[in-house]
Every structure is written in structure tokens, then in C-alpha cells.
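Undergrad: model this:
(2 chains)
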Amino acid sequence: MIWLSLLMALPLVGSLVVAALPKTNEKLVKQVALATTLVVMGTTIAMAVGFQRDNVELQFVEKYSWIPSFGINYALGIDGLALVLILMSTILAPVVVLAGWNEAHGGRWSIKTFYILILVLETMIIGVFTATDVFLFYVIFEAMLIPVYFLIGGYGTGERSAAAVKFLIYSLFGGLLMLASIIALYVMSGAQGGHTFDLVALSHLEMSSTTQNLLFLGFFIAFAIKAPLWPLHTWLPDAAQSATPGTSVLLLGILDKVGTFGMIRYCLTLFPDASKTFTPMILVLALISIVYGAILAIGQRDLKRLIAFTSISHFGFITMGIFAMTSQGHSGATLYMFNHGFSTAALFLVGGWMISRRGSSTISDFGGLQRVTPVMAWTFFLAGMSSLALPGLSSFVSEFLVLVGTFTRYPVHAIIATFGIVLAALYILIPVQKALHGPITPGNEDLSDLNIREKIAIAPVIAIIVALGFYPSPLLKVINPAATHVIAQLGFSDPVPNLTSEGK
Amino acid sequence: MIFTAPVLNYTLLSPILILLGGALIGVLVEAFISKALRPITQLSITIGTLVLSLSQVWKIRNEQSMTAAMGSVVIDGPAILMQASILIISIISVFLIADTDHFTALAAALPGSDEERHSLQTGNQVTEVYPLTLFAISGMMLFPISSDLITLFVALEMLSLPLYIMAGLSRRRRLASQEAALKYFLLGAFSSAFFLFGMAYLYGYSASVTFAGIRQSVVGGSGNDILLFIGIAFLSIGLLFKVSAVPFHAWSPDVYQGAPTPVTGFMAAATKVAAFGAMLRIYYTVFANAEWSWTPMLSGIAIVTMLFGSLVAIAQRDVKRMLAYSSIAHAGFLLTGVIALNKAGLEASIFYLFAYGIATVGAFAIVTLVRDSGGEVTDLNRWKGLGKRSPWVAATFAGFLLAFAGIPLTSGFIGKFSIFSAAYESGAKGVVIVGVLSSAIAAFFYIRVIVLMFFTDPIQDGTSVEIPSVLTRITVIFSMIVTIALGVFPAPLLNVISNLGTFIR
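TA: A predicted model of the protein is given here:
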């Protein structure tokens, strides 16, 4: 059964149905969008059941010729890594639709357009994680920018069009660098036995180390902009501040994962030697991101910008886990991507509700919410705790794995990164204290607590955060074989802890 | 003395002969048909001629690899493809030309004179534009299939002269239009002189005006290289002028802006196909073995053209001038296909030319729709909020801009990918890297227009979007469909091109 094409087709069909609905019947539009995302989620889960966990080969493979004269195929397939990310995306999509039920109302265009864009984006998100043809990946990677651009620019607040343009220019620039690398790969494949874009075939290309380094950079910069890694992150806070909470969840929770996913899928697979060459530099960038993102998060007055900077810190952790080149680090990074999606979603969605109720996103405008709106306050608190990786919540497991994985090979880096955790406590607890506790700030007395729809929307997110905090192994069983496989392919073996009998 | 009658091989020449016949009938129509019936008669004749010519091209597609008219033209795969591209682009351009609101009522009347006012009141129309268009098209059809220098020059003049007149026919801002026409004419004449000069040197070098003869001398390598070098340089100036490559681009922004918009669209798209068609043939066949003498020069020009076009376009405040600079940048991208000098490069260039031409006509079609009481509004500031007032028009224009920017799932991306990969394959890595960088710069100004249309609030100044006529609508919809279809599913066209795309020498 062609599961992956089906997954990609469903949201597209949904968007066509939405397009055919009358503009005036907003409720129906939303219901159809929600139903579509729920169906996609159900289908993904049904597919995930059939996934063979211990098989490290690509599964659910599909391959059709697309542009034969360039050797381009419509080729799909997933491994554990991709499966986890698709699961995350398709679970978050209905949450975003339900949670942001009214967020499209301040937009430039109709509610209908908003949901068409969201559904088209979901198709592309699934496509970008499943493509195994480099050209197909690139096409989706770039085409994805268009719906996001219109989502930020059309439905955001404040300086939305400037933020949208900044996002697009950054991404296009990275994308074009990647295109140059892809062209080089294509030409080299032609010289070495026929033009192809097949990921596996390309990974066997012979190339000089200079070429490999240059091509690696083309890919890596594109992904580092997406991820985003310091110093290529400056578009993110602006975009997150301007976009609606739902769009921010899609952007930071899902789309930015394409960057870290791409580092594993493309940078490490296609350019193993160059990856090793650049590892020290990338680890330094990752460390800077961790600490820099955390420090700037502490200094933010705007709730949305704060969440954006926490994400920069978290992406530093993920990148460090990837380039630590140990299987724990890799598993941790992949699990981190999944968990970050949910904790960021919780923060943005609850934060978004707080902001829309208060009519301001400045943290100091809140205060005493715990007494006025206890449910909302406690949900935000829990989301925050997940973001600072409190033991017992899901992020803890992944952050711990990343640190352990890094420590075995790069102890100094791991120790510095640990400061990120301390800073995380600050950047979460300070806003929690300001916004939730203390006396009720004037103007907050009449805020309403979460309604049923909002509770239903956030419940699965919180449930996943808590459940995976206590029992992450179902997910790790899917992730571990893939992670070990990547590390083994790179020719690394995990360092064995140097336990001698000295202590006796 | 025995006189052998020349063998012309009329079948192979028929597409051009049909066009010339149609144009001559058009001239007669001007003389003998009453004023009221002229527009519709001319339009039907023109479209009929073009369609007939296109079907003739289709018929002779398998009779390729043949020369006609005693070896002065050659009909091979690329020739068929170029001719078909020119005809298809011309048909949709003529649909735009049919909207007479763009053309002056009486071209001979002085701007602002009583005569002009009178002719406007009586509803005069310059239906001469139709035969002129047909003459220009027949020149364009001949240009890429010429295989000796004399025919090449005749074709060049045949396509240029009608265009000079057409550029000056604008209904509004007539002085600017006439200035554009004069500028185009003077600079065009200048470049023709260079072209002729180059021809003379090439004749001096090889004692032949036929491509085959010159090629033989180049392959033999016994001639005086200095003569060859000067010949190539001056011939190239003439060609580069036509494609508006830097530093021979100075005419194009003014002409693009001044000419009636349908003419601009036609000129921008079809002339490019014809000129690049000829250029590809000359460099790929005649001078292929003298690569050393022209690839460094063309690489330099390509780099400068791409960067200059993209950078200067950023500063433009007028949509037609912006498109002019964008077309300069695209000329640079196309030059990378010439430099590639391999089969992939030829195929990519043909694809790119077709895709770009169609999108260009579509984009200019949209420009004709945005108007106020004084005619078209080309000031970009007044395009603000277009997306709010007419979402479909704005969305279509955005689609064309994204294709120009080379965003995936549009024809522009496939074109750019194939042309850059061909150039990279031939070793022109530096040019490709500059090309990719200038694509990034170019993306910036295309996106700026999208921001303007969608993300800024409209200003109330009477700018409105005309309801497109049926013909304009056909042009826009056809261009959009082709642009998307070639982006999503380019395989059929690429296959056709790769089956036909080899020059015979």
C-alpha cells in the first residue's frame, strides 16, 4: 500500500475541499480542516503500527520516474528518524487547528485561505521528511517557504510583512547555496555512472575532500539557517513574534526540524568525511547557540520572542547531539526534536491564549494569572517545566541523552552545555514568576480561563509530554536502530567508558 | 554558361513563407478594407497565419537535418523547436496586441496635435501593427535557422525594423514611446554596423560567408587568428545587443518602458528566443572549435550581466523597468547555457527560452490590466494592495514572478536547474556560482513586488484592475498553466527537446 503518497495526498485533498467551500461558512471550513488533520493523524498512526522497528533500511518505499532526462524520481521512504518526525507533525497539526480556532480572524485574507495554506503546508511537511530523492527534497524544501511566507505575512501581527520577508530571504539564500551543491552532486553523478538524485547512490560518490567540504557547507548552511543555529538565527525571533501562535508552532515546532533532520539525512549521509572535518566548528556553534539563546531568552520582555530564543538554545542541543557522533547523542537529538515540538507547541499555544486574552505580549503586563485563570496558568507552568527539562517530563530524557552522548566524546562541550540547563531554569522561572504569580496586575482581573475547546486542544500535548517523560522507550525503540545505523555508517563506534578497577 | 536554377526546398521554408504571405495580405487589407472591418480582419488573418505556420512547422518536424535555399538556411531539431517556440509565444502576444487600447490612433500625428485628437475621436486604430508583427515574426523565424552570414544579417534587419516602429506606437505618453523607438533604432543601427563589421572580418578570415565554410577554416586552424578574434568579437556585439546583455543593454529599460506593453511583452519574449537561437547555433557550430577565443569573453559578460541586472532591478520603481532589468539578468542566465557548449546546455537553453518567453508574455499581460483613467499604471507604488482588490490578478502575477525567481514547482526552476547544471558540467563553475548568487539577489526584488501587492494596504488613487478581455484572459491563463505544468511535469517537453536537440553542422 502506498502509505506515504496517501499521507501526502490527504491534506492536499482536504485543502481542495476547503477551497470549494463557501467563504462565508467559516465554521464549516474549520471543521473540514480539523477533520482532515485528524484523518491524516489517524493514517500516520495506522502506518506507524506497521513500521518494523529493527529494520534500518528505508521502509514504505515508493519510486516512480518523474523527470527521466535528469534522472529525477519521485522516491519516498522513511526510517525511524523520519517516522518520528512525521508522527510529531501529524499529531501537532490537529492541535494547531483546534487551538488556533479563532487566530485567523485578524488576517489580511479569509479564514478559508488560512486553512488552505495550513493543509498545503502539511502535505509539504510530510513530503520533505519522506523524500529520498535529493531533487524532490529540494523542490519541497523550497516550495514549503511559500505557504509559510503567506501565513506569517498574512495572518500575523505587528511587523508581519517585514518578518515574512526576512524569513523568506534567509531561507531562499540558504536554499540557493544548497542548489549549487545539488547541481555539483548531479554533475558528478553523471560523470560516475549516470545522472541520479537517489540519496543512496549519491552517498557512494567519489569526490575529493575539498569538493566534499564545499558541498557539505552548501547543505549545512541551508540547514543551519532553518534549524536555526547561531549566527544565522536572526530571522527566527522576528518571525515568531509576528506569526500567529499556530503558525509559530508549525514554524518552530515542525519546520525548523527540517534543518536538523537535513543535517542527519543529507549532511552526514552524503558527506561523511566533511562532517567529521567540520564537527569541531559545528559543536562550537552549537554551544554558542545553547548559551547565547538562553541568555537572550532571559533578557526578553516579549513572551513570543522569549520562546523563540529558548528554541535557539534547544536547537543548539539538538545540533550538538547530532555532531557528537555517538549513538546516544543521536538518539537524544532525534528524541529532542520530537519533544521540542510538543513543549514548544504547549508554550506557544498557551502563551498565545494568554496574549490574546490580555491583548499584549509583554511579560510584565501579566501577573497573578494563577489566581485569575488557574488552569491556563498551570498549563503554562507545565509547558515551561518541560522546556527547562524537568525530570519526569519528556524533554529531560532527551536532554540527558544528548549530554551523555556528548560527554563520552567531548566532555568539555558537555560541561559547558550543562550551563544551558541552569540558564533554562532562569529563562522559564522568571517569566513564570512575573506572569503567573504575585499580585494581580491591574487589567487582568477579568481574564477568562481556558474553555473546553482549548482544554481539549492542549490535553494531548500535555499528555505526551508527561507520558514520554516517564516512559520514553516506545519512541526510543524506533529511534535507536536508526541512530545506531547512522553512526555505524559514519565509521564511529561509541567510546567505551574507561572503567578500570582502580577504585577497588 | 550553364545556369542552374537554385533549389529552394519550399516545404522547409513554408512556415516563413506563410508568415510573409500573411503579412502581405495584411498590407493589402490596410489598403482595401473599410476602417470598421479592419481590426477584426487583421486579427483573424494574423492568428490564422500564425496557426497555419505552426502546423507547417509541426509537419516538417521529421524532415529535419536538411538545408534549404541552397544551404543558406538549415532545418534541424533545434531549428524546429525555436520556430515552434517563437510561434507559440507570438500567438499569445498577438492576443495582447489585439487590445487596441494600447496603441495610438494615428502614429503619424504629432503628440498633442489637433490631428491626434481628431483621430482619437473618430476611433481610428493602427491596424498596421498586425502586418508589422508578422514581418517581425518571419524575421525571428529566419534568424535562428540562418546558416550563412548574409541570411543572418537579412533576418536580423527583418526582425528589427518592424520592432523599431512598433515600439513607437504607444497610445499614451507618446513622446516617451517615440523616444524609445528612436533610441532603439539608433542603437540597433549601431549594433548592426558592428555586426556587419564582424562579418567582413570573418569573410576575410575564411573567404566564405557560409557557416560551414567558416567552420571549416576554424577547424583547419590555418587562418589568421586575429581576424577570427575580431570577427567573433564584433559579431558577438551585434548579437549581445539584441539579447540586451551588459554592456549592450542600455536601450532595453527605456524601450521596455516606452513601448506599448503588448509590444514589450512580445519583444522581450520572442526576440530573446530568436537571438539566443542564432547565438546558440553560431557558437555551438561555427565557433565551437575556437572555444578559447570566446568563452572567457562570454563568461565575463554573463557574470556582469547577471549581477548587474539583478542588482539594478532592486532599485526600480516602475514595473516595466523592473521587468526590463529582470530580463537583462535572465539574458545572463541564458548566456551560461551558451558557454556550456554541450548537448545538455543546448537543451537547457531551449527549455529555458520557451519557459521564460511564456512567463514573460504572461507577466506583461498582467501589466496591461492595471490601469487608471490615464492608461496603464506602471508605478510600483500604485500597485500597493493589489492583492486585496483583485486577488486573482495579483496571485497570477506573483506566480510569474516566482517563476522568474526560479522557485521550485514553476518552469523557471527547472530551467535554471538545467542550465546551471549544464554549465557546471562543462566546467564553468565560477559562472554557475555567480548565477546562483544573483538568483538570490533577484529573488529579493521579485518578492518585494509580492510584498507590495499582498502585504501593503491599498491607496485610493483610482488605480483599478481592468476586467481582462477574452483574448487577454486566454493569454494569461495559458501562460500560467504552461508555467506551472513545466514546473511540475516537465518530462514530456524535455523528452521532445532531447530527441530533437542536436545541431547539424
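Undergrad: Tell me which stretches of chain B form strands.
TA: B:66-68, B:73-75, B:370-372, B:375-376, B:464-465 (DSSP state E).
Undergrad: partners of the last one, with directions?
TA: When you say that, I think you mean strand B:464-465. Note on strand B:464-465: by DSSP bridges, its sheet partners are strand B:370-372 (antiparallel).
Undergrad: Give the buried residues for the strand it pairs with.
TA: Residues of strand B:370-372 classed as buried: B:370-371 (neighbour count, 16 or more other Cβ atoms under 10 Å in any protein chain shown). Where C-beta positions appear, they are placed from N, C-alpha and C, glycine not excepted.
Undergrad: which stretch of helix or strand covers the residue in the stretch 1-150 of chain A that chain B sits nearest to?
TA: Of all residues in the stretch 1-150 of chain A, A:Val139 sits closest to chain B, at 3.9 Å by Cβ to the nearest Cβ. Assessed by DSSP states H and E, A:Val139 sits inside helix A:134-143.
Undergrad: Contacts only, for the residue of the stretch 1-150 of chain A closest to chain B.
TA: By Cβ atoms under 8 Å, 6 or more residues apart in numbering or on different chains, A:Val139 lies in contact with B:408-409, B:413.
Undergrad: Spatially nearest residue to the residue in the stretch 251-400 of chain B that chain A sits nearest to (excluding sequence neighbours)?
TA: Of all residues in the stretch 251-400 of chain B, the one sitting closest to chain A is B:Lys388 (7.1 Å; Cβ to the nearest Cβ). Residue nearest to B:Lys388 in three dimensions, not counting chain neighbours: B:Pro458, with 5.5 Å by Cβ to Cβ, 6 or more residues apart in numbering or on different chains.
Undergrad: Next one, pLDDT for the one you found please.
TA: The score at B:Pro458 is 77. That number is its pLDDT.
Undergrad: Tell me how many other residues surround the residue of chain A found nearest chain B.
TA: Closest residue of chain A to chain B, Cβ to the nearest Cβ: A:Ser161 (3.4 Å). A:Ser161: 21 surrounding residues under other Cβ atoms under 10 Å in any protein chain shown.
Undergrad: wait, it sits on B:Leu452?
TA: No. Counting by Cβ atoms under 8 Å, A:Ser161 sits too far from B:Leu452 to count as a contact (9.5 Å).
Undergrad: hmm, back to that, could I get the contacts of A:Val139 as TSV with distance to B:Val246?
TA: Below are the contacts of A:Val139 laid out as TSV (distance: Cβ to Cβ, whole Å):
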residue	distance to B:Val246
B:Pro408	28
B:Leu409	30
B:Phe413	24
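Undergrad: from the residues you listed, which are also near chain A?
TA: B:408-409, B:413 (Cβ under 8 Å from any Cβ of the partner chain).
Undergrad: And for stretch A:425-441, what's in contact with it?
TA: Contacts of stretch A:425-441 (Cβ under 8 Å, 6+ apart): A:294, A:297-298, A:303, A:306, A:309-310, A:354, A:363-372, A:377, A:380-381, A:384-385, A:387-388.
Undergrad: Filter these down to the buried ones.
TA: The neighbour-count test (16+ other Cβ under 10 Å) marks A:294, A:297-298, A:303, A:306, A:309-310, A:354, A:363, A:365-370, A:372, A:377, A:380-381, A:384-385, A:387-388 as buried among the contacts of stretch A:425-441.
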